[in-house]
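Student: Provided below for reference: sequence and predicted model.
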Amino acid sequence: MSDTDFEEYMMRYSMAHQPCAECARRLWNSLKMSKTLSERGFKISPCMSYCFRVILPPGTEVHTVSCSVPLDANMYSVEPIILETALISAEGDIIYKPELGYDNICYFSNDEEIIAELIRLATFTARATHRVIAQLRKRNTIRRAHLSGLLSDIKGRPPMGQWDLGGIEYQEGIADWTRRLEIPIN
């Protein structure tokens, strides 16, 4: 890259900062004002320059989604047209989950697409959580029936909870946990 090319690149990069920051604030405001997101328990962090984070509702596999209007992707357009999302772990690192469609950063072109994506991520992970819980409940029912059958011949046996505190009762506690999930499954 020649000095002239580099200077042009840096000029375009600095010129893109203001429009990208304004677009990010508009996107942030759109998400913040979204009744759908607020009713489902999404939390929107403050907008910092051209990016911000959205904390997904409890019970979802993904903790946070980063939303940004990237300077590098928008510096050759008059108006920012590329929005991107990335999955963020509870520790603050970018994570990739191909099963969610995130083997890389994902790109969008408007606020509505971002809102739909956030809802998709929350719904997908909540459904996966509910499937796991349903499987545990089914396994617990089968296990309890099997153990009850085996123990029915033993006279004077203690109640099941006294000898299996770490097993069946723990799994039954999952029912309480599922009631705390705030995401409606449609």
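Tutor: Cool, the structure landed. Numbers count the residues shown, from 1 in each chain.
Student: Quick check: beta-bridge partners of the residue nearest to Val65 when sequence neighbours are not counted?
Tutor: Spatial nearest neighbour of Val65, excluding adjacent residues (Cβ to Cβ, 6 or more residues apart in numbering): Val54 at 4.8 Å. Every C-beta, even on glycine, is put in place using the N, C-alpha and C of the backbone. Val54 forms beta bridges with Ile44, Val65, as assigned by DSSP bridges.
Student: Tell me the spacing between Val54 and Thr123.
Tutor: When distance is defined by Cβ to Cβ, to the nearest Å, Val54 is 14 Å away from Thr123.
Student: if we can go back for a sec, the residue nearest to Val65: neighbouring residues, count only.
Tutor: 24 (other Cβ atoms under 10 Å).
Student: May I ask you to confirm that it is in contact with Thr64?
Tutor: Yes: contact criterion Cβ atoms under 8 Å: Val54 and Thr64 qualify, at 6.7 Å.
Student: Next, count neighbours for Lys138.
Tutor: Counted with other Cβ under 10 Å, residues neighbouring Lys138 total 10.
Student: for Met75, same thing?
Tutor: For Met75, the count of nearby residues is 19 (other Cβ under 10 Å).
Student: and it, what is it in contact with?
Tutor: By Cβ atoms under 8 Å, 6 or more residues apart in numbering, Met75 lies in contact with 12-13, 15-16.
Student: Many thanks, we can stop here.
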